[in-house]
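Undergrad: Build me a model:
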Amino acid sequence: MLSKVVINIVSLLTAMQNQVHDESQPLNPKNHNHAPWKKAAASLSLVLLGSGMTLAGGYLAGNQQQLAQKASDLAVSRVDAAPPLGNNTDPNFVTQVVQRVGPAVVRIEASRTVTSRLPAEFNDPFFRRFFGSQLPQQQERVQRGTGSGFLISADGSILTNAHVVDGADTVRVILKDGRSFQGKVLGTDNLTDVAVVKIQANNLPTLTVGNSDQLQPGQWAIAIGNPLGLDNTVTTGIISATGRTSNQIGAPDKRVEYIQTDAAINPGNSGGPLLNYRGEVIGMNTAIIQGAQGLGFAIPIKTAQRISNQLIATGKVQHPYLGIQMVGLTPQIKQNINSDPNSGLTVDRDKGVLVVRVLPNSPAARAGLRAGDVIQKLNGQAVTDASNVQRAVENAQVGGQLQLELWRNGRNLNLAVQAGAFPTQQQVK
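TA: Numbers count the residues shown, from 1 in each chain. Take a look at the predicted model:
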């Protein structure tokens, strides 16, 4: 259904050290009864941008209706990329960036035919008496949506959000110069909301990749895309923050740490690039907080590259995982857990990452990890919150070894865990 999707986050933690982080599987807040020490003080409403059909958001072709969408990734290569600008002292540096990179930003139109049954009321004998067999049992309609994307190779590979093209029967890609191509979806990854689309063309402009790991709050940010179907819209702002967790922005089913920006983004921007002042892509515009001003989120380009490389090579993505729920410890968290009669845990450490739950038959379970263990070091590096552990796992290879230094029952313990391949949604359920 193409309709506005708003995710109301009721159980959401306001800081990483105050949140239970499920590394093993996406959590549905509606299906978990969190103890008081796990609950948030605030409720956010997230609008995920873009234009796909299954989670359609952005701009609906035909009636120009705004839609909502999920968060996502992107990736870029350096093939035939325009050289970056040397500095930002020129007051017209944004104009120069747009002139250089604009031709590599595309509009994506996706459509699919959906079949729906007639409402049960039409099976009433009253209707059958008058219309008989003239009433169809099913009806078909075409859903259309638009989004943004950008070229990552001169021979037509394009990065966009998975929700922009997920389930599409047809995909059309329109370049800035007006040329239109049929697109083929090489692969999608719903866990990061990244997709790669391919068109048959050569000598196309591409974007240069920036370093999303070195971003600092206050740096320039430039967004280009097709909000509400308005092609080639340019907005500017700054990097407001980095490392926003999926739980913090209200997308608990994603495995991404987001870039926060105040550059104006709207439905239809999804899949478009977020650029630095040199015109290098540093992220992909993804989501906003409904009702707020200047709260936009983008997927770091490093994450997008990792996902897109797998999609281009194999058409699918393997995500490493351990299979634990965890929370970063502080004295207050320790006190809250120990005073909660429903926690089932006793904690005697003020620092580290507490294992709250171990998923049955997971890599962590097979390695002997237990609820109540406190992870103090991972691969020799001290860890203080769940994001440290999650980041290390994401950077590991499926089948790779992770060395954990634990605190269990008053003593130190070393444990090796082999990262497994994250189960599919069907397997998790």
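
Undergrad: Return, as residue ranges, the portions of the stretch 301-429 of the chain with sub-threshold pLDDT.
TA: Applying pLDDT under 70 to the stretch 301-429 of the chain picks out residues 424-429.

Undergrad: Do you have the strands of it handy? List them.
TA: 320-321, 324-328, 353-358, 374-378, 381-382, 401-408, 411-418, 420-421 (DSSP state E, counting those that start in this stretch).

Undergrad: Residue 277 is nearest to which of the ones you listed?
TA: With C-beta to C-beta as the criterion, residue 277 lies closest to strand 381-382 of these, at 32.4 Å. Just so you know, the C-beta spots here come from the backbone N, C-alpha and C atoms, and that holds for glycine as well.

Undergrad: What's the local residue count around the residue lying closest to residue 294 once chain neighbours are set aside?
TA: With C-beta to C-beta, 6 or more residues apart in numbering as the criterion, residue 294 has its nearest non-adjacent residue at 3.6 Å, and that residue is residue 262. For residue 262, the count of nearby residues is 16 (other C-beta atoms under 10 Å).

Undergrad: now swap in residue 158 and tell me
TA: Around residue 158 sit 31 other residues, with neighbours defined as other C-beta under 10 Å.

Undergrad: contacting residues around it?
TA: 106, 108, 149, 150, 151, 152, 173, 183, 196, 197, 198, 199 (C-beta atoms under 8 Å, 6 or more residues apart in numbering).

Undergrad: And residue 334, by the same measure?
TA: Residues near residue 334 by C-beta under 8 Å, 6+ apart: 347, 348, 349, 350.

Undergrad: redo that, cut-off 7 Å
TA: Counting by C-beta atoms under 7 Å, 6 or more residues apart in numbering, residue 334 touches 347, 350.

Undergrad: on that earlier part again, figure out which of the strands of the stretch 301-429 of the chain is closest to residue 273.
TA: When the strands of the stretch 301-429 of the chain are compared (using C-beta to C-beta), the closest one is strand 320-321, at 27.0 Å.

Undergrad: For residue 264, which non-adjacent residue is spatially closest?
TA: Of all residues not flanking residue 264 in the chain, residue 235 sits nearest, at 4.1 Å (C-beta to C-beta, 6+ apart).

Undergrad: now the one you found, what's its secondary structure?
TA: Look at residue 235: counting by DSSP: H, G, I helix; E, B strand; the rest coil, its state is strand.

Undergrad: tell me the contacts of it?
TA: Remark: with contacts taken as C-beta under 7 Å, 6+ apart, residue 235 is in contact with 223, 263, 264, 265.

Undergrad: so which of those comes closest to residue 215?
TA: Among the contacts of residue 235, residue 263 lies closest to residue 215 (C-beta to C-beta), at 13.2 Å.

Undergrad: And the helices in the stretch 51-200 of the chain?
TA: In the stretch 51-200 of the chain, the segments counted as helices under DSSP state H, counting those that start in this stretch are 93-101, 125-131, 162-165.

Undergrad: All good on my end, thank you.
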